[in-house]
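In: need coordinates for the following:
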Amino acid sequence: MSVGRRIAAAVAARASTTVVRGLLDDDAPGGARLWERTNHRGEPVSLLGGPAVAAGVLVGGLVGAPSGRDGAALAVATTSATAFGLVDDLTEDREGTVRKGLRGHLGALARGEVTTGGLKVLGIGAGALLAAALSRPHDRLPAGRGAAALVRLADVAADGALIAASANLVNLLDLRPGRALKAAALAAAPAGVLGGRGGGAAAAVLGAAVAELPDDLAERDMLGDSGANAVGAVLGTAAVQGCPRPARLALLAGVVALTVASEKVSFTQVIARTPVLRELDAWGRRPAHVPGGAGEPGGSGAPGGSPGGSPGDDATAGGVPGR
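Out: Purely as a prediction, here's the structure:
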């Protein structure tokens, strides 16, 4: 993909994110209070950044799509991730019962209990599979119609899992201001800069991140499930459309491993113990909130946020605590 096309995708994503965010500020659906949450400082933070970023990566991804078929796949992945993320954002906290992590949602589904989180898992998973099926195949298939069909089905299943798992992983990182957008930008940078079939979608993520990151770091906005899931789904779609089969399988294994680890290990604690990650995570963020000194629960002298958190706390990503 040409440099000009990638630049156009990034510019379209940035502009769309900014314009949609302004429109939502002027007239938030259901009123601004519906979208407000309270962060760890006791200050209001808005979820409206999520739909704005979702709109940005969608528009930018369509501008940079290598074909109409790939554009349709990206649209399906992004809209399903955004829609079901919004359902979770706007209803889960108000139900009074919050399931932690993918395991909690799947466990509830196994018991026949449909939670908003479980609905999100099913909806994003279905959208991811459809997006994988729509994406134009670019791997060599074996000779013979039957063998080719089986390999293609396996590709669709693995690619759908990669898109859905990527959406979930970015949401797991949305636990501190700016963290999810920084991670997404780093993941998108190679394809966004070097090009390839997934370069347009990756460039869209970079453009939307540039637009929204200042408000996220300043704790005026948060991505919520709608924004984080959308960004992750676009990253997964970029990988599906731009990477060969072995690379996609390796990425899927890595994303799944991180997701499983998040149920037992706190990403926040790992970042706090790793100097490079700690500095990157804290870059641009407001100083830590210390209610009554470093000795109080939640207080910390670490720049940019508390390094605390119990194993598995990242499974609550999309919620306000810690932000």
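
In: quick one: least confident helix or strand in this structure?
Out: Of all helical and strand segments in the chain, the minimum by mean pLDDT, DSSP states H and E falls on helix 101-110, at a mean of 59.

In: which helices and strands does the helix or strand following that one pack with?
Out: Remark: after helix 101-110, the chain's next helix or strand is helix 116-134, criterion DSSP states H and E. Helix 116-134 is packed against helix 68-95, helix 101-110, helix 145-173, helix 224-242, with contacts defined by 3 or more Cβ pairs under 8 Å, 6 or more residues apart in numbering; DSSP states H and E. Yep, even glycine has a C-beta here, placed from its N, CA and C like the rest.

In: mind exporting helix 116-134 as PDB, just the C-alpha atoms?
Out: Extracted C-alpha coordinates of helix 116-134, given in PDB (Å, rounded to 0.1, in the frame of the first residue of the first chain):
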ATOM      1  CA  THR A 116     -23.900  -8.000  29.200                       C
ATOM      2  CA  GLY A 117     -20.300  -9.200  29.200                       C
ATOM      3  CA  GLY A 118     -21.400 -12.600  28.000                       C
ATOM      4  CA  LEU A 119     -23.500 -11.000  25.300                       C
ATOM      5  CA  LYS A 120     -20.400  -9.000  24.300                       C
ATOM      6  CA  VAL A 121     -18.300 -12.100  24.000                       C
ATOM      7  CA  LEU A 122     -20.800 -13.800  21.700                       C
ATOM      8  CA  GLY A 123     -21.500 -10.600  19.700                       C
ATOM      9  CA  ILE A 124     -17.900  -9.700  19.100                       C
ATOM     10  CA  GLY A 125     -17.000 -13.300  18.400                       C
ATOM     11  CA  ALA A 126     -19.700 -13.600  15.800                       C
ATOM     12  CA  GLY A 127     -18.600 -10.300  14.200                       C
ATOM     13  CA  ALA A 128     -15.000 -11.400  14.200                       C
ATOM     14  CA  LEU A 129     -15.800 -14.700  12.400                       C
ATOM     15  CA  LEU A 130     -17.800 -12.900   9.800                       C
ATOM     16  CA  ALA A 131     -15.000 -10.300   9.300                       C
ATOM     17  CA  ALA A 132     -12.500 -13.200   8.900                       C
ATOM     18  CA  ALA A 133     -14.700 -14.900   6.300                       C
ATOM     19  CA  LEU A 134     -15.100 -11.600   4.400                       C
END
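
In: distance between that helix and the chain's centre?
Out: When C-alpha coordinates are averaged (Cα atoms, centre = their mean, to the nearest Å), helix 116-134 and its chain have centres 14 Å apart.

In: in it, which residues are buried?
Out: 116-121, 123-125, 127-134 (16 or more other Cβ atoms under 10 Å).

In: then stretch 42-56?
Out: So stretch 42-56, judged by 16+ other Cβ under 10 Å, has buried residues 45-56.
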